[in-house]
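S.K.: this one's sequence-less:
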C-alpha cells in the first residue's frame, strides 16, 4: 500500500509542473491560479474527510500551529514558482524545485541531529553541484541568446 501512495504522490506532484506551464501558456496570473487551486484543494480535502473519515473534523490544536506556516510557505512557493517560470524553461525550474529536497535533508541533520553518513553527504553534494550546473547552463543559454540577437541586428 505504501508503494501505491508513493506512486500517486509522485504522479500528482509531478503533474503540478505541467499544470503550471499550461497556465503560463494561457497567460494566467500566478496568484489567481494558486488562490483557486487552494480553494479547490480545500473543497476536495473536506469531501475526502466526509467520505473516508465520516465527517470527523477533530483537529488537535498542535495541527493549527503546523498547518498555518505550512500553508503560507506552500502558497508563496507555488506563486513564486509559477511567476518565475515565465523567465525560464519549465524543465530547469522543475529540476530546481525537486532539488529543494536538499533543504529538509539539511534541516533534519541540523535541527533533529540526524546522523550523516557518506551516502547522505554525497547526495547533498551532488544536489549542490546540480544547482551550480543549472545556473551555468542558464548563463550559457543567455549568452547564446545574446550572440544570436547581435547577429540578427548586424544582418538587418
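M.R.: Nice, thanks for sending it over. What you see is a predicted model, and the numbers here were worked out from it, not measured in a lab.
S.K.: how is this protein partitioned into domains?
M.R.: The record's domain parsing of the chain by automatic domain parsing lists 1-86, 101-156.
S.K.: mean neighbour count and distance to residue 95 added to those domains, as TSV?
M.R.: C-beta: built from backbone N, CA, C; applies to glycine. Written out in TSV, the entries for the domains of the chain read as follows (neighbours: other CB atoms under 10 Å; distance: least, CB to CB, whole Å):
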stretch	mean neighbour count	distance to residue 95
domain 1-86	12	10
domain 101-156	11	6
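S.K.: turn these into a markdown table, columns for distance to residue 92 and mean pLDDT.
M.R.: Putting those into a markdown table (distance: least, CB to CB, whole Å; pLDDT from 0 to 100) gives the following:
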| stretch | distance to residue 92 | mean pLDDT |
| --- | --- | --- |
| domain 1-86 | 9 | 86 |
| domain 101-156 | 6 | 83 |
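S.K.: adding distance to residue 94, write the ones you listed out as TSV.
M.R.: What follows is these, written out as TSV (distance: least, CB to CB, whole Å):
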stretch	distance to residue 94
domain 1-86	4
domain 101-156	11
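S.K.: report all helices and strands that whatever helix or strand residue 49 lives in contacts.
M.R.: For residue 49, the element it lies in under DSSP states H and E is helix 30-53. Using 3 or more CB pairs under 8 Å, 6 or more residues apart in numbering; DSSP states H and E, the elements in contact with helix 30-53 are helix 2-25, helix 61-85.
S.K.: select, out of those helices, the one closest to residue 133.
M.R.: Judged by CB to CB, the one of the helices and strands packed on helix 30-53 that comes nearest to residue 133 is helix 61-85, at 18.4 Å.
S.K.: got the angle between that closest one and helix 2-25?
M.R.: With axes from the mean of the first three to the mean of the last three CA atoms, to 10 degrees as the basis, helix 61-85 and helix 2-25 are set at 40 degrees to each other.
S.K.: after helix 61-85, next one along is what?
M.R.: Beyond helix 61-85 in the direction of the C-terminus, DSSP H and E gives the next helix or strand as helix 90-99.
S.K.: any residues touching that next one, and which ones?
M.R.: In this structure, residues lying in contact with helix 90-99 by CB atoms under 8 Å, 6 or more residues apart in numbering are 17, 20-21, 24, 81, 84-85, 127, 130-131, 134, 137-138.
S.K.: how close does residue 50 get to residue 39?
M.R.: Summarising the geometry, the distance separating residue 50 from residue 39, computed by CB to CB, to the nearest Å, is 17 Å.
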